[in-house]
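S.K.: turn this into a structure:
(4 chains)
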Protein chains: 2
Amino acid sequence: MQTRDEKKAQTRKSLMDAALSLTGNGSNFSSISLREVAKNAGVVPTSFYRHFTDMEELGLNIIDDLGLMLRKLMRTARQNEDYFDALAKSSVEFYANYVCTHKNYFYFMEQVKTGGTPTLRKAIRKELKYFANELVSDVRPLKNLANIDDADLDILCQLIVETVFENTIDLLDQAEVDPRYIETYTEHTLKKLRLIWLGAIAWRS
Amino acid sequence: MQTRDEKKAQTRKSLMDAALSLTGNGSNFSSISLREVAKNAGVVPTSFYRHFTDMEELGLNIIDDLGLMLRKLMRTARQNEDYFDALAKSSVEFYANYVCTHKNYFYFMEQVKTGGTPTLRKAIRKELKYFANELVSDVRPLKNLANIDDADLDILCQLIVETVFENTIDLLDQAEVDPRYIETYTEHTLKKLRLIWLGAIAWRS
DNA sequence: TATTTCAGTCAACGCTTGTACACTAAAATA
DNA sequence: TATTTTAGTGTACAAGCGTTGACTGAAATA
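M.R.: Residues are numbered from 1 along each chain as shown, chains lettered A, B, ... in the order given. Next up is the predicted model:
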């Protein structure tokens, strides 16, 4: 058996997983009901309130988890030494596979990024900004980029992050139909990043 | 007075406008109800069925309108002779202002692009692809791009379109708080496009 | 002018929704 | 061991939902 706190944490996770699995299966987060989530988590509706005040709070908690995931992902990608050259194949491939093995989270993210409530949108944006900032500090030391000032470097990194994330929804949609789409996505994204990279090298602030 | 057809068309427009105004005011398209839309359009719920079979069909019709709008927008932008150089300031500025004067449509688009039902998502993607294809045929003749083959040119134009659209949601959110954000958006987007453009010139397929 | 068509109305249905409240039983605490 | 705390249950309710079918009255048609 387990302690009371452990059991509570487990139910909490069930609720969050239920929401993710619903969004992952085509429902829109903002249209799924508290009751659906509770039912899917194998719990009575009123139990929901022991964990979250409403669906938005649940959403914010999912975003927290997502943030942790993304940071972990980045940390791993960084350990690939040819990082920047994170325009290198392995990183994008790694990302694509990561997305496909965490579909529900990424469906959720894509959905909420532009379709969630303003609060949720803002929370997602914060995570992406964090991501871009990390990239900045990784990339700043590179000699190729000596001609880019700090403000422009921010924009460059934003563009890179956006480009990687932008087509995630396509990746999710298409990969379900045809797993080989992962390669297409990787190839296309790679080309886009190389293009940006070429531009960055030629850039003079 | 008006003919019957005119009156019907008018109600139909009211319904579509109602949906747009609801999504524009923070509601998510997939969570607004047929009844809300009808009420907002000043019409009884059952009247809805005289025009659309369900909310998804209404959504598809909005997307059709949106497509027309975007094509008109592009046609206008094209008449600016320094077009590519549509990396030129005026085009992005024009786009930013266009977005701000058609907020509801663009809120709807951003929301549905990644957060709508699969059918609606696909419909939006088709419109964006159309947009990118137009760009391709405009850009192909340019001498700067002689070193890019057709497949890569597609990707380049995709990237350009994505980059312009990607931050539309920020533009909408922020411009409501502070109208001067339009300039920030324009400036940032412009830099991103110039970066991409530099990359494109340096590219060798 | 007489008849048909049909956009919009009205009332009613069976469901689902979020939330309030009182309850239970087992774990935590004293 | 006796008491308190609390995650999860069960019932209940008012409000909103999508959709049905029969109705109305003015515009379109014959």
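S.K.: longest single helix anywhere in chain A?
M.R.: helix A:55-79 (DSSP state H).
S.K.: now do the buried residues in the helix or strand following that helix.
M.R.: Scanning forward in sequence from helix A:55-79 by DSSP states H and E, the next helix or strand is helix A:89-101. Neighbour counts over helix A:89-101 (16 or more other CB atoms under 10 Å in any protein chain shown) mark A:91-96, A:98-100 as buried. The C-beta positions use only the backbone N, C-alpha and C, and glycine is treated the same way.
S.K.: how about stretch A:12-28?
M.R.: By neighbour count on 16+ other CB under 10 Å, the buried set for stretch A:12-28 is A:12, A:14-24, A:27-28.
S.K.: just stretch A:37-45 next, same as before
M.R.: A:37-38, A:40-41, A:43.
S.K.: from those, which land in helices?
M.R.: A:37-38, A:40.
S.K.: closest to B:Asp65 out of those?
M.R.: Closest approach to B:Asp65 among those (CB to CB): A:Val37, at 34.4 Å.
S.K.: contacting residues around whichever residue of chain A sits closest to chain B?
M.R.: Scanning chain A for the residue nearest chain B gives A:Gly115, at 2.4 Å (criterion: CB to the nearest CB). In this structure, A:Gly115 makes contact with A:28-30, B:28-30, B:110-112, B:114-116, judged by CB atoms under 8 Å, 6 or more residues apart in numbering or on different chains.
S.K.: for A:Ile196, same thing?
M.R.: Per CB under 8 Å, 6+ apart, neighbours of A:Ile196: A:156, A:159-160, A:163, B:159, B:195-196, B:199.
S.K.: let's go with 6 Å and repeat that
M.R.: B:Gly199 (CB atoms under 6 Å, 6 or more residues apart in numbering or on different chains).
S.K.: how near is it to DNA strand D?
M.R.: Using CB to the nearest atom of the strand, to the nearest Å, A:Ile196 is found at 43 Å from DNA strand D.
S.K.: I'd like to know how far that residue sits from DNA strand C.
M.R.: For A:Ile196, the distance to DNA strand C - CB to the nearest atom of the strand - is 42 Å.
S.K.: so which helix or strand takes in that residue?
M.R.: helix A:181-202.
S.K.: need the max-distance pair from the contacts of A:Gly115.
M.R.: Spatially, the most separated pair among the contacts of A:Gly115 is A:Phe29 and B:Glu110, at 15.1 Å (CB to CB).
S.K.: need the residues that contact stretch A:36-56.
M.R.: Contacts of stretch A:36-56 (CB under 6 Å, 6+ apart): A:12, A:14-15, A:18-19, A:34-35, A:58.
S.K.: within reach of chain B, which of the residues you listed are there?
M.R.: Here nothing survives when these are matched to chain B using CB under 6 Å from any CB of the partner chain.
S.K.: dump the residues you listed to a markdown table, plus distance to B:Leu120 and secondary structure.
M.R.: Formatted as a markdown table, the contacts of stretch A:36-56 follow (distance: CB to CB, whole Å; DSSP: H, G, I helix; E, B strand; the rest coil):
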| residue | distance to B:Leu120 | secondary structure |
| --- | --- | --- |
| A:Arg12 | 32 | helix |
| A:Ser14 | 30 | helix |
| A:Leu15 | 28 | helix |
| A:Ala18 | 24 | helix |
| A:Ala19 | 21 | helix |
| A:Leu34 | 24 | helix |
| A:Arg35 | 25 | helix |
| A:Leu58 | 24 | helix |
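S.K.: any idea how far A:Lys192 is from DNA strand D?
M.R.: As defined by CB to the nearest atom of the strand, A:Lys192 lies at a distance of 40 Å from DNA strand D.
S.K.: ok, that residue - contacts?
M.R.: Contacts of A:Lys192 by CB under 6 Å, 6+ apart are A:163, B:159.
S.K.: quick check, pLDDT for it.
M.R.: For A:Lys192, the pLDDT comes out at 94.
S.K.: chain center to stretch A:147-154: distance?
M.R.: Relative to the chain's own centre, stretch A:147-154 is displaced by 25 Å; criterion: CA atoms, centre = their mean, to the nearest Å.
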